[in-house]
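Peer 1: sequence first, then the predicted structure, then my questions.
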Amino acid sequence: MDLADLNERIVLAYTGEPRNSGINNWEVTKAHINGDRVVRRNFDRIAAIAFGMRLALEKADWNEVGRLLREEWTNRKKNAPGITTPLIDKLIESTRKAGAKGAKVCGAGGGGCLFCYGPPASRAAIAEALAAGGARLLDYHIETEGLRLG
């Protein structure tokens, strides 16, 4: 796939809210262990979305990538109340108005970084919406070789 094309569609920002991943991860893990049907159904759906995301990325089906990202976030938020926050919801809504086709928190949620996706023509407006909402834009690039030491 064309990583340069994908990079032009992503804006990454730090929300300014530190996160406590242990709390969210424990709540979701506990619910899964206890047989919570909603959490299990959400995980099954998230796994299916990940498979679909790979296919959409390989085909450069950018509309499908955005749809799947929105669907993944919708399912993930249902797993525990602390995954999203009022600030994250506000930032996602402002990026949507700026042209983002999808957004989600990175990791366990509750704060931390926000991944936003949209067409290249909307990238600057998405970045401006995040900055105006108090988020700090992060410089990044997609790594293709993974971690290497030495």
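Peer 2: Looks like it came in fine.

Peer 1: in what helix or strand does Phe115 lie?
Peer 2: Secondary structure from DSSP states H and E places Phe115 in strand 113-117.

Peer 1: so what touches that strand?
Peer 2: 9-15, 65-66, 69, 88, 91-92, 95, 100-107, 126, 130, 135, 138 (Cβ atoms under 8 Å, 6 or more residues apart in numbering). Heads up, the C-betas are built off the backbone N, CA and C, glycines and all.

Peer 1: of those, buried ones?
Peer 2: In the contacts of strand 113-117, burial by neighbour count holds for 9-15, 65-66, 69, 88, 91-92, 95, 100-105, 126, 130, 135, counting by 16 or more other Cβ atoms under 10 Å.

Peer 1: out of these, which are inside strands?
Peer 2: Here DSSP state E is the test, and the buried ones among the contacts of strand 113-117 give 10-14, 102-105 as lying in strands.

Peer 1: just give me the closest of those residues to Ser122.
Peer 2: Nearest to Ser122 among those, counting by Cβ to Cβ, is Val11 at 9.2 Å.

Peer 1: identify the bridge partners of that closest one.
Peer 2: On the basis of DSSP bridges, Val11 is bridged to Cys116.

Peer 1: kindly list the longest helix within the protein.
Peer 2: Taking DSSP state H as the criterion, the chain has its longest helix at helix 37-59.

Peer 1: pLDDT-wise, which helix or strand of the chain ranks last?
Peer 2: In the chain, the helix or strand scored least confidently by mean pLDDT, DSSP states H and E is helix 21-33, which has a mean of 75.
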